[in-house]
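1. sequence and predicted model, in that order:
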Amino acid sequence: SDVSTATRLCDGALILVDVLEGVCTQTHAVVYKALKERMRPCLVLNKLDRMILEMKLSPSEAFQHLKRIVENINALAYSLVVAELRSSTNDNDNENNVNLEHPLFAEWTFAPEKANVVFASALDCWGFGLIKFANIWSKKLEINKGALQKYLFEDYAYHPAEKKLVMCDPSKPHIVPMFVKMILEPIWQLYDI
């Protein structure tokens, strides 16, 4: 009842997901309620510090884990948007009758490059989005900020000799994604200290 009352009073919703627990039953309920009330969502992936201190994940493992969580929440949001659109048109025949161009799909698709995903540690009082790091690194590396923002949370690496972004090759483990190299590794180093 508290969630129902709060959703009627707010314009937006911070959907908080514990990175260790992932998408839970309560997450389903909150996403469903926020969607029903047509709130603007922002996904907060919290407790990144626990991936370092408790799970002992490497930065590369943490990156893959975070990507899976974003994929899971997107799958949940997609299924709820489809159900919502089907119920509003009273057509339960099949998913094909749903207009995939509907604005709800874009609004409820979480992607760090869209600035609707935040990475945080509430316990240690820090959080960030990709845009801040894209601004910092684009100036340092002298590359296009838009391109960096678009590919920072993907399997792309920065090739310093050519000053361009390249797709990571699984057969070359020494080439790590930019999110790992530019964001996660420095955070891991801070926690090691």
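-> Great, that's in hand. Numbers count the residues shown, from 1 in each chain.
2. ok, longest helix in the protein?
-> helix 59-89 (DSSP state H).
3. same for that helix, what does it pack against?
-> strand 12-18, helix 25-36, strand 40-46, helix 48-53, helix 103-107, helix 185-192 (3 or more C-beta pairs under 8 Å, 6 or more residues apart in numbering; DSSP states H and E). The way it works is simple: take the backbone N, C-alpha and C, and place the C-beta from them, glycine included.
4. quick one: closest of those to Asn116.
-> strand 40-46 (5.2 Å; C-beta to C-beta).
5. give me the contact list for that closest one.
-> If you take C-beta atoms under 8 Å, 6 or more residues apart in numbering as the criterion, strand 40-46 is touched by 11-19, 31, 34-35, 66, 69-70, 73, 77, 107-108, 110, 116-122, 127.
6. and if we set it to 6 Å?
-> The contact list for strand 40-46 (C-beta atoms under 6 Å, 6 or more residues apart in numbering) reads 12-19, 34, 73, 110, 116-120, 122.
7. and the end-to-end length of stretch 12-29?
-> End-to-end distance of stretch 12-29 (C-alpha to C-alpha, to the nearest Å): 16 Å.
8. relative to the whole chain's centre, how far out is that stretch?
-> 12 Å (C-alpha atoms, centre = their mean, to the nearest Å).
9. so which bits of that stretch are buried?
-> Ala13, Ile15, Leu16, Val17, Asp18, Val19, Val23, Thr27 (16 or more other C-beta atoms under 10 Å).
10. show me the two of those that sit farthest apart.
-> Farthest pair in the buried residues of stretch 12-29, by C-beta to C-beta: Ala13 and Val19, 18.5 Å.
11. count the residues that sit near Arg8.
-> Number of residues near Arg8 (other C-beta atoms under 10 Å) recorded here: 10.
12. which non-adjacent residue is nearest it?
-> Setting aside the residues directly before and after it, Arg8 is nearest to Glu37 in space (C-beta to C-beta, 6 or more residues apart in numbering), at 6.4 Å.
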